[in-house]
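Novice: Any chance you could fold what I've pasted below:
(one chain, ligands or ions: 2)
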Amino acid sequence: MKKNLITLTSLVLLSQTSAFAEKRKPNIVVIMADDLGYGDVSCYGATELKTPHIDKLASQGVKFTSGYCSASTCTPTRYSMLTGNYAFRGKRTGIAPPNAPAIIKPGVETIASILRRGGYATAVVGKWHLGLGAEGENGKDGGPDWNGELKPGPLEIGFDSCFLLPTTNDRVPQVYVKDHHVLNLDPKDPLWVGRKKPEGEHPTGVSHRDTLKMDWSHGHNQTIHNGISRIGFYTGGHAARFRDEDLADKWVEQSNLFMEENKDKPFFLFFSGHDIHVPRIPHERFQGKTKLGYRGDSIIQMDWCVGEVMKTLDRLKLAENTLVIFCSDNGPVMDDGYKDDALEKLGVHRAAGPYTGGKYSVYEGGTRTPFITRWTGRIQPAISSEMVCTIDMAASFASLTGQTIPNDQCVDSQNILGALLGEKGAKGRDHLVQQDNGARGTFGMRVVSDKGDWKLHRHDKKSSRNTVVEKKLANYKVPQFQLFDLSKDPAEKKNVMKENPEIGAELKAKLQSIIDAGRSR
Ligand code: NG6
Ligand code: CA
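Specialist: Numbers count the residues shown, from 1 in each chain. Ligands and ions are numbered 1, 2, ... in the order given. Predicted coordinates for the structure are as follows:
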């Protein structure tokens, strides 16, 4: 009897200690904004609007002045963030079309698989844009089976659950995906998604332009939903379709549910809102809140989302046990295909702050973005100039949670946990390769050493893409290599390759060796 009692007591003690140990593993919440520039929030210098919630986060944590995403478009940054691999190494890592199959294959290590192994509940809520479904075989198209099981997808690469906008909202279809299925899909009204206009009557942004509630400026003139024409065609799935105005509320609702359900165990939430990507259609209650038009109003809506997530952490008493990271997937863009007056109403607002370029560019404005870490009680408020990047989350989170990563995985992710936590003397990266979209041979590389703070640009071929920005760029003869001294010239205005041939040669060789080595970890 006595022996049993002892065993029982020790069992209780043991389970309490392990519960305690589990509890001590911090939750991780990554909030990634879409197309948000360095200068788009007030704590990074915006004066034309106020972002109180993001500002508060920054005042409670570390505000990085050299925080980056790894690419200046969405898909490659998100691919790199999750896998810890530079996107230019992977196939089909450029902006994903509506029917793209899953880009990250099952078996590839991701932040989610690492943390799940460490006992975390893992979820992604919001924009995915990394493809769904298998590769095509025997000449058949692969990609999402919209009316069946949508796999592989997030659940096959480490997430326990997902609630998604499958692509990006200027692309079809406007439906939510919950785990493996389109939510609220009526089998009697199947969803079809394709590149060719369906037969018969099918209003488009061209044929019914005068009915649109927001006009398009380039592309984005195919199937109309909610008065907005999109990239790509779709039919059916009417009961499943959402209103653009409600997206932000939905992400908050679903994130709150996940955090509440998992409040007693460590969790990883990837909050991947759609703001401030086009079409910028904020909820009615945010429309007109700034003088910058819907682009500014969407920033306010995104800031509200950040506030709501923080409120939930407070309500669940989790702020002291949660590492929060706020970042963006690429720099800013004004006209990205819709006439929403972003440029016309810009005034003195500088979306990329002091930097040149933005989305689609390897100038600093393309990838240097707001980047904030907060962990109440653990991180001391500070401003840090250490170089940190979204691609480093994999190795850093592995270190934080005591996980090991196989040598052939997360090959470009660096463990910069100390810098992310603002620890005194802890170093960030000393170099970072930046890319535009896909793997087309346009690179930026920043290198910080005792020789200075340098930036190399490499443009292997003339861009063939069709964006307004790139068309403009194509009118210039861009030298294959350019060198900028960021210590004197953060705006990358003066190419100093001729004056600094040795530094130039060193950086060229370093970039080439990173590409050739297939890894940089
Ligand atoms: C471009 C789209 C742009 C945007 C971008 C992806 C055109 C002319 N432009 O091809 O509107 O959707 O892709 O943005 O169609 S991202 O942030 O998801 O990478
Ligand atoms: Ca983006």
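Novice: Tell me where the stretch 201-350 of the chain has strands.
Specialist: In the stretch 201-350 of the chain, the strands defined using DSSP state E, counting those that start in this stretch lie at 224-225, 228-229, 233-235, 267-272, 322-328.
Novice: and Tyr120, which of the ones you listed is closest to it?
Specialist: strand 267-272 (4.9 Å; C-beta to C-beta). The C-beta positions use only the backbone N, C-alpha and C, and glycine is treated the same way.
Novice: Count the neighbours of the residue nearest to His225 when sequence neighbours are not counted for me.
Specialist: Excluding its sequence neighbours, the residue lying closest to His225 (C-beta to C-beta, 6 or more residues apart in numbering) is Gln174, at 4.9 Å. The burial metric for Gln174, expressed as a neighbour count using other C-beta atoms under 10 Å, is 22.
Novice: Point out where the protein drops to low pLDDT.
Specialist: For the chain, residues meeting the criterion pLDDT under 70 lie at 1-23, 439, 462-477.
Novice: Domain parsing of it, as residue ranges.
Specialist: Each structural domain of the chain that the record assigns through automatic domain parsing is listed here as a residue range: 26-429, 432-517.
Novice: Those domains: which one's closest to ligand 2?
Specialist: Set against ligand 2 and scored by C-beta to the ion, the domains of the chain come closest in domain 26-429, at 3.5 Å.
Novice: Are the closest one and ligand 2 in contact anywhere?
Specialist: Yes: Domain 26-429 comes into contact with ligand 2 when judged by C-beta under 5 Å from the ion, the residues involved being Asp34, Asp35, Cys74, Asp329, Asn330.
Novice: Need the distance between the two termini of that domain.
Specialist: The first residue of domain 26-429 is 24 Å away from its last residue (C-alpha to C-alpha, to the nearest Å).
Novice: So Gly143 versus Gly194, what's the distance?
Specialist: Taking C-beta to C-beta, to the nearest Å as the measure, Gly143 falls 10 Å from Gly194.
Novice: Which one's more surrounded, the two?
Specialist: With neighbours defined as other C-beta under 10 Å, Gly143 and Gly194 compare such that Gly143 has more, 21 against 15.
Novice: So which of the residues of domain 26-429 next to ligand 2 are in helices?
Specialist: Cross-referencing the residues of domain 26-429 next to ligand 2 against helices under DSSP state H gives Cys74.
Novice: ok so, going back, ranking the domains of the chain by burial, who's on top?
Specialist: Neighbour counts averaged per stretch over these are highest for domain 26-429, at a mean of 21; criterion: mean count of other C-beta atoms under 10 Å.
Novice: near ligand 1 at all, that domain?
Specialist: Yes: remark: domain 26-429 sits within contact range of ligand 1 at 34-35, 73-75, 95, 129, 168, 170, 218-219, 231, 277-278, 330, 336-337, by C-beta under 6 Å from any ligand atom.
Novice: Leaving aside the residues adjacent along the chain, what's closest to the residue of the stretch 201-350 of the chain found nearest ligand 1?
Specialist: Among the residues of the stretch 201-350 of the chain, Gly219 lies nearest to ligand 1; the distance is 3.2 Å by C-beta to the nearest ligand atom. The shortest distance from Gly219 to any residue other than its chain neighbours is 5.1 Å, reached at Gly337 (C-beta to C-beta, 6+ apart).
Novice: Now the residue nearest in space to the middle of the chain: phi and psi?
Specialist: In the chain, the centroid-proximal residue (C-alpha atoms, centre = their mean) is Asp329; its distance is 3.7 Å. Backbone torsions of Asp329, given as degrees, to the nearest 10, read phi -100, psi -10.
Novice: my guess is it contacts Val30, does it?
Specialist: No: using C-beta atoms under 8 Å, Asp329 is not in contact with Val30; the gap is 11.1 Å.
Novice: residues shared between the contacts of the two?
Specialist: Counting by C-beta atoms under 8 Å, 6 or more residues apart in numbering, the common neighbours of Asp329 and Val30 are Met81.
Novice: Shouldn't Val388 be within a strand?
Specialist: Yes: going by DSSP: H, G, I helix; E, B strand; the rest coil, the assignment for Val388 places it inside a strand.
Novice: And the nearest residue to it once chain neighbours are set aside, how close does it get to Lys289?
Specialist: When the adjacent residues along the chain are set aside, Val388 lies closest to Gly428, with 4.8 Å between them (C-beta to C-beta, 6+ apart). When C-beta to C-beta is applied, the distance between Gly428 and Lys289 equals 35 Å.
Novice: got it, and Val108?
Specialist: In this structure, Val108 lies at 41 Å from Lys289, with C-beta to C-beta as the measure.
Novice: what's near enough to touch the closest residue to Glu284 other than its chain neighbours?
Specialist: Here the nearest residue to Glu284 in space, its sequence neighbours aside, is Glu245; by C-beta to C-beta, 6+ apart that works out to 6.2 Å. Contacts here follow C-beta under 8 Å, 6+ apart; on that basis Glu245 touches Ile281, Pro282, His283, Glu284.
Novice: Let me know whether Lys289 touches Met302 as I believe.
Specialist: No: with contacts counted by C-beta under 8 Å, Lys289 stays clear of Met302, the gap being 11.9 Å.
Novice: now the strands: where do they sit in the stretch 351-500 of the chain?
Specialist: 372-374, 382-389, 431-435, 442-449, 452-459, 481-485.
Novice: Given the shortest one, what are its sheet partners and their directions?
Specialist: Yep, that's strand 372-374 we're talking about. strand 62-68 (antiparallel), strand 322-328 (antiparallel) (DSSP bridges).
Novice: Excluding its own residues, what touches stretch 171-186? List them.
Specialist: Outside stretch 171-186, the residues that touch it by C-beta under 8 Å, 6+ apart are 97-98, 128, 132, 146-147, 149-151, 153, 155, 161-166, 191, 193, 222-223, 225-226, 230-234, 237-242, 244, 250.
Novice: what packs against whichever strand or helix holds Glu502?
Specialist: Secondary-structure element containing Glu502, defined by DSSP states H and E: helix 501-517. Packed against helix 501-517 by the contact rule (3 or more C-beta pairs under 8 Å, 6 or more residues apart in numbering; DSSP states H and E) you find strand 431-435, strand 442-449, strand 452-459, strand 481-485.
Novice: Need the ones you listed in TSV (columns: distance to Gly200).
Specialist: Converted to TSV, those look like this (distance: least, C-beta to C-beta, whole Å):
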stretch	distance to Gly200
strand 431-435	42
strand 442-449	42
strand 452-459	45
strand 481-485	52
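Novice: need those in TSV with distance to ligand 2, can you?
Specialist: Compiled in TSV, the helices and strands packed on helix 501-517 are given as follows (distance: least, C-beta to the ion, whole Å):
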stretch	distance to ligand 2
strand 431-435	14
strand 442-449	17
strand 452-459	21
strand 481-485	24
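Novice: What are the boundaries of the helices in the stretch 151-300 of the chain?
Specialist: With DSSP state H, counting those that start in this stretch applied, the stretch 151-300 of the chain shows helices at 247-261, 294-315, listed in chain order.
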